[in-house]
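*Asks:* build me a model from this:
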Amino acid sequence: MPTTTVAVRLTLSLAGLFLLPAASWAAGAPPAAAASSAMESSFPTPGPAQLQAGAKVAQTCAACHGIDGNASSTEFPKLAGQHADYIVKQLHDYRIAKGAKHPARINAIMNGMAAPLTEQQIRDVALYYSRQTFKPGVAFADKKELKLGASIWMAGIPDRAVPACASCHGPGGAGMPSRYPRIGGQWQGYLETELQMFRNDRRTNSPEMHDIASRMTDKQIAAVANYAAGLRAPSETAR
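*Replies:* Predicted structure coming up:
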(Lines give C-alpha, C1' and ligand atoms only; values in the text may rest on other atoms or scores of the structure.)
Protein backbone atom coordinates (compact mmCIF):
# COMPACT_ATOMS: atom_id res chain seq x y z
CA MET A 1 0.00 0.00 0.00
CA PRO A 2 1.40 3.43 -0.90
CA THR A 3 2.47 5.71 1.91
CA THR A 4 2.82 9.42 2.40
CA THR A 5 4.30 11.91 4.84
CA VAL A 6 1.85 14.24 6.52
CA ALA A 7 3.35 17.70 6.93
CA VAL A 8 1.45 19.89 9.35
CA ARG A 9 2.17 23.59 8.92
CA LEU A 10 0.42 26.05 11.22
CA THR A 11 0.83 29.71 11.96
CA LEU A 12 2.35 30.54 15.33
CA SER A 13 -0.92 31.98 16.53
CA LEU A 14 -2.80 28.76 15.76
CA ALA A 15 -0.07 26.54 17.20
CA GLY A 16 -0.21 28.54 20.41
CA LEU A 17 -3.78 27.45 20.94
CA PHE A 18 -2.64 23.87 21.47
CA LEU A 19 0.33 24.33 23.77
CA LEU A 20 -1.58 24.35 27.04
CA PRO A 21 -3.45 21.12 27.78
CA ALA A 22 -6.91 21.32 29.27
CA ALA A 23 -5.70 19.12 32.12
CA SER A 24 -3.50 21.96 33.36
CA TRP A 25 -6.50 24.28 33.60
CA ALA A 26 -8.51 21.60 35.37
CA ALA A 27 -5.74 21.17 37.92
CA GLY A 28 -5.95 24.86 38.76
CA ALA A 29 -2.39 25.66 37.74
CA PRO A 30 -1.69 29.18 36.44
CA PRO A 31 -1.71 28.93 32.62
CA ALA A 32 1.80 30.31 32.01
CA ALA A 33 3.36 28.31 34.83
CA ALA A 34 1.60 25.10 33.80
CA ALA A 35 2.73 25.43 30.20
CA SER A 36 6.32 26.20 31.20
CA SER A 37 6.45 23.24 33.59
CA ALA A 38 4.98 20.84 31.05
CA MET A 39 7.53 21.83 28.42
CA GLU A 40 10.51 21.07 30.65
CA SER A 41 11.96 17.65 31.43
CA SER A 42 12.35 16.58 35.04
CA PHE A 43 15.83 15.31 34.27
CA PRO A 44 19.08 17.24 33.77
CA THR A 45 21.05 16.85 30.56
CA PRO A 46 22.89 13.52 30.78
CA GLY A 47 26.66 13.38 30.57
CA PRO A 48 28.73 10.89 28.54
CA ALA A 49 29.04 8.45 31.45
CA GLN A 50 25.29 8.28 32.00
CA LEU A 51 24.61 7.84 28.29
CA GLN A 52 27.14 5.03 28.21
CA ALA A 53 25.43 3.39 31.19
CA GLY A 54 22.08 3.78 29.46
CA ALA A 55 23.44 2.20 26.28
CA LYS A 56 24.52 -0.81 28.32
CA VAL A 57 21.00 -1.26 29.72
CA ALA A 58 19.55 -0.73 26.24
CA GLN A 59 21.36 -3.83 25.00
CA THR A 60 18.68 -5.90 26.73
CA CYS A 61 15.96 -3.80 25.06
CA ALA A 62 17.45 -3.87 21.57
CA ALA A 63 15.81 -7.08 20.36
CA CYS A 64 12.41 -5.36 20.37
CA HIS A 65 13.08 -1.61 20.43
CA GLY A 66 16.41 -1.45 18.58
CA ILE A 67 19.72 -0.35 20.11
CA ASP A 68 19.04 3.15 18.75
CA GLY A 69 15.39 3.07 19.84
CA ASN A 70 13.97 2.77 16.34
CA ALA A 71 12.09 -0.52 16.50
CA SER A 72 11.98 -2.39 13.21
CA SER A 73 8.67 -4.11 13.97
CA THR A 74 5.38 -2.23 14.21
CA GLU A 75 4.51 -4.37 17.24
CA PHE A 76 6.97 -2.45 19.37
CA PRO A 77 7.06 1.32 19.96
CA LYS A 78 9.95 3.48 18.87
CA LEU A 79 11.69 4.89 21.92
CA ALA A 80 14.23 7.11 20.18
CA GLY A 81 13.55 10.76 20.98
CA GLN A 82 10.82 9.86 23.45
CA HIS A 83 10.65 12.03 26.58
CA ALA A 84 12.69 10.51 29.40
CA ASP A 85 9.92 11.34 31.89
CA TYR A 86 7.47 9.22 29.93
CA ILE A 87 9.84 6.25 29.60
CA VAL A 88 10.55 6.36 33.34
CA LYS A 89 6.84 6.43 34.16
CA GLN A 90 6.09 3.48 31.89
CA LEU A 91 8.91 1.40 33.36
CA HIS A 92 7.61 2.19 36.84
CA ASP A 93 4.08 1.25 35.78
CA TYR A 94 5.32 -2.11 34.49
CA ARG A 95 6.57 -2.89 38.01
CA ILE A 96 4.46 -3.74 41.05
CA ALA A 97 4.36 -0.65 43.23
CA LYS A 98 4.66 -0.94 46.99
CA GLY A 99 1.34 -2.06 48.43
CA ALA A 100 -0.11 -2.97 45.03
CA LYS A 101 -1.10 -6.47 43.90
CA HIS A 102 -0.54 -5.90 40.21
CA PRO A 103 1.48 -3.58 37.97
CA ALA A 104 -0.35 -0.49 36.74
CA ARG A 105 0.42 -1.57 33.18
CA ILE A 106 0.19 -5.23 32.23
CA ASN A 107 2.48 -6.72 29.60
CA ALA A 108 4.03 -10.11 30.28
CA ILE A 109 7.30 -9.29 28.53
CA MET A 110 7.75 -5.78 29.87
CA ASN A 111 6.68 -6.70 33.40
CA GLY A 112 9.53 -9.20 33.45
CA MET A 113 12.01 -6.80 31.84
CA ALA A 114 11.27 -3.89 34.18
CA ALA A 115 11.16 -5.84 37.45
CA PRO A 116 14.93 -6.26 38.01
CA LEU A 117 15.94 -2.75 36.94
CA THR A 118 17.28 -0.38 39.57
CA GLU A 119 16.07 3.22 39.71
CA GLN A 120 19.42 4.34 38.35
CA GLN A 121 19.19 1.93 35.42
CA ILE A 122 15.68 3.17 34.65
CA ARG A 123 16.86 6.77 34.55
CA ASP A 124 19.95 5.87 32.54
CA VAL A 125 18.12 3.94 29.81
CA ALA A 126 15.34 6.53 29.64
CA LEU A 127 17.83 9.35 29.11
CA TYR A 128 19.81 7.27 26.63
CA TYR A 129 16.79 6.58 24.43
CA SER A 130 15.56 10.16 24.73
CA ARG A 131 18.83 11.32 23.14
CA GLN A 132 18.72 8.96 20.16
CA THR A 133 17.74 10.23 16.71
CA PHE A 134 14.12 9.43 15.97
CA LYS A 135 13.28 7.95 12.57
CA PRO A 136 9.63 8.90 11.95
CA GLY A 137 7.23 6.56 10.24
CA VAL A 138 4.74 7.21 7.48
CA ALA A 139 0.97 7.32 7.10
CA PHE A 140 -0.99 5.17 4.69
CA ALA A 141 -2.06 7.23 1.68
CA ASP A 142 -5.80 7.05 2.21
CA LYS A 143 -7.04 10.61 1.63
CA LYS A 144 -10.44 10.09 3.24
CA GLU A 145 -8.93 8.47 6.33
CA LEU A 146 -6.22 11.11 6.60
CA LYS A 147 -8.83 13.87 6.41
CA LEU A 148 -10.80 12.25 9.25
CA GLY A 149 -7.63 11.73 11.27
CA ALA A 150 -6.54 15.33 10.78
CA SER A 151 -9.95 16.55 11.93
CA ILE A 152 -9.81 14.46 15.10
CA TRP A 153 -6.21 15.47 15.79
CA MET A 154 -6.79 19.20 15.43
CA ALA A 155 -10.43 19.60 16.48
CA GLY A 156 -11.46 16.44 18.33
CA ILE A 157 -14.89 14.86 17.95
CA PRO A 158 -17.30 17.44 19.41
CA ASP A 159 -20.42 15.27 19.29
CA ARG A 160 -18.62 12.58 21.31
CA ALA A 161 -16.89 15.01 23.68
CA VAL A 162 -13.48 13.85 22.45
CA PRO A 163 -10.86 16.64 22.78
CA ALA A 164 -8.33 17.46 20.08
CA CYS A 165 -5.25 15.24 20.34
CA ALA A 166 -3.15 18.34 19.62
CA SER A 167 -4.31 19.95 22.86
CA CYS A 168 -2.02 17.60 24.79
CA HIS A 169 0.34 16.02 22.26
CA GLY A 170 0.91 19.20 20.24
CA PRO A 171 0.18 20.02 16.58
CA GLY A 172 3.16 17.95 15.40
CA GLY A 173 2.75 15.16 17.95
CA ALA A 174 5.87 16.11 19.93
CA GLY A 175 4.08 15.95 23.27
CA MET A 176 5.28 17.74 26.40
CA PRO A 177 8.31 16.37 28.27
CA SER A 178 6.89 16.16 31.78
CA ARG A 179 3.30 15.32 30.85
CA TYR A 180 2.54 13.79 27.47
CA PRO A 181 4.49 11.40 25.22
CA ARG A 182 5.67 12.06 21.74
CA ILE A 183 3.44 10.07 19.37
CA GLY A 184 3.97 11.87 16.06
CA GLY A 185 5.78 9.52 13.66
CA GLN A 186 5.12 6.46 15.84
CA TRP A 187 4.00 3.22 14.17
CA GLN A 188 0.37 3.45 13.03
CA GLY A 189 -0.34 -0.13 14.09
CA TYR A 190 1.11 0.41 17.55
CA LEU A 191 -0.89 3.60 18.13
CA GLU A 192 -4.10 1.94 16.96
CA THR A 193 -3.53 -1.05 19.23
CA GLU A 194 -2.81 1.13 22.26
CA LEU A 195 -5.95 3.22 21.71
CA GLN A 196 -8.00 0.04 21.47
CA MET A 197 -6.40 -1.24 24.66
CA PHE A 198 -7.19 2.01 26.46
CA ARG A 199 -10.77 1.78 25.25
CA ASN A 200 -11.21 -1.85 26.26
CA ASP A 201 -9.56 -1.49 29.68
CA ARG A 202 -6.63 -3.69 28.69
CA ARG A 203 -4.29 -0.77 29.32
CA THR A 204 -5.24 0.98 32.54
CA ASN A 205 -2.37 3.30 33.47
CA SER A 206 -3.98 6.44 32.06
CA PRO A 207 -7.58 7.16 33.13
CA GLU A 208 -7.60 10.19 30.81
CA MET A 209 -6.80 8.11 27.75
CA HIS A 210 -9.33 5.45 28.70
CA ASP A 211 -11.99 8.15 28.98
CA ILE A 212 -11.09 9.57 25.56
CA ALA A 213 -10.68 6.26 23.72
CA SER A 214 -13.91 4.85 25.18
CA ARG A 215 -15.85 7.40 23.13
CA MET A 216 -14.14 6.60 19.83
CA THR A 217 -15.16 4.12 17.14
CA ASP A 218 -12.79 1.68 15.43
CA LYS A 219 -12.85 3.87 12.33
CA GLN A 220 -11.97 7.01 14.28
CA ILE A 221 -9.17 5.27 16.16
CA ALA A 222 -7.65 3.90 12.95
CA ALA A 223 -7.87 7.29 11.24
CA VAL A 224 -6.21 9.33 13.97
CA ALA A 225 -3.52 6.66 14.48
CA ASN A 226 -2.73 6.80 10.76
CA TYR A 227 -2.61 10.60 10.77
CA ALA A 228 -0.34 10.67 13.84
CA ALA A 229 2.05 8.20 12.20
CA GLY A 230 2.73 10.73 9.44
CA LEU A 231 3.35 13.74 11.67
CA ARG A 232 6.77 15.35 11.85
CA ALA A 233 8.57 17.70 14.17
CA PRO A 234 9.53 20.98 12.40
CA SER A 235 13.17 19.89 12.13
CA GLU A 236 12.13 16.58 10.54
CA THR A 237 9.71 18.22 8.11
CA ALA A 238 12.54 20.39 6.82
CA ARG A 239 14.69 17.39 5.86
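*Asks:* measure Ala71 to His102 for me?
*Replies:* Remark: distance between Ala71 and His102 (C-beta to C-beta, to the nearest Å) = 26 Å. Where C-beta positions appear, they are placed from N, C-alpha and C, glycine not excepted.
*Asks:* between these two, which has more neighbouring residues?
*Replies:* Remark: of Ala71 and His102, Ala71 carries more neighbours, 22 against 10, as counted by other C-beta atoms under 10 Å.
*Asks:* how near is that one to Ala115?
*Replies:* Here Ala71 is placed at a distance of 21 Å from Ala115 (C-beta to C-beta).
*Asks:* before we move on, what about Lys56?
*Replies:* In terms of C-beta to C-beta, Lys56 sits 18 Å off from Ala115.
*Asks:* so where is the protein shaky, pLDDT-wise?
*Replies:* 1-39, 235-239 (pLDDT under 70).
*Asks:* which residue of it lies farthest from its centroid?
*Replies:* Distance from the C-alpha centroid of the chain, by C-alpha atoms, centre = their mean, peaks at Gly99 (27.8 Å).
*Asks:* got a list of what the residue most central in space within the chain touches?
*Replies:* Nearest to the geometric centre of the chain sits Pro181, at 3.2 Å (C-alpha atoms, centre = their mean). Neighbour list for Pro181: 82-83, 86, 169, 175 [criterion: C-beta atoms under 8 Å, 6 or more residues apart in numbering].
*Asks:* rebuild these as a markdown table, extending it with neighbour count, secondary structure and distance to Gln196.
*Replies:* Below are these laid out as a markdown table (neighbours: other C-beta atoms under 10 Å; DSSP: H, G, I helix; E, B strand; the rest coil; distance: C-beta to C-beta, whole Å):
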| residue | neighbour count | secondary structure | distance to Gln196 |
| --- | --- | --- | --- |
| Gln82 | 24 | coil | 21 |
| His83 | 23 | coil | 23 |
| Tyr86 | 21 | helix | 20 |
| His169 | 23 | helix | 18 |
| Gly175 | 21 | coil | 20 |
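*Asks:* need the max-distance pair from those.
*Replies:* Comparing every pair within these by C-beta to C-beta identifies Gln82 and His169 as the most remote, at 12.3 Å.
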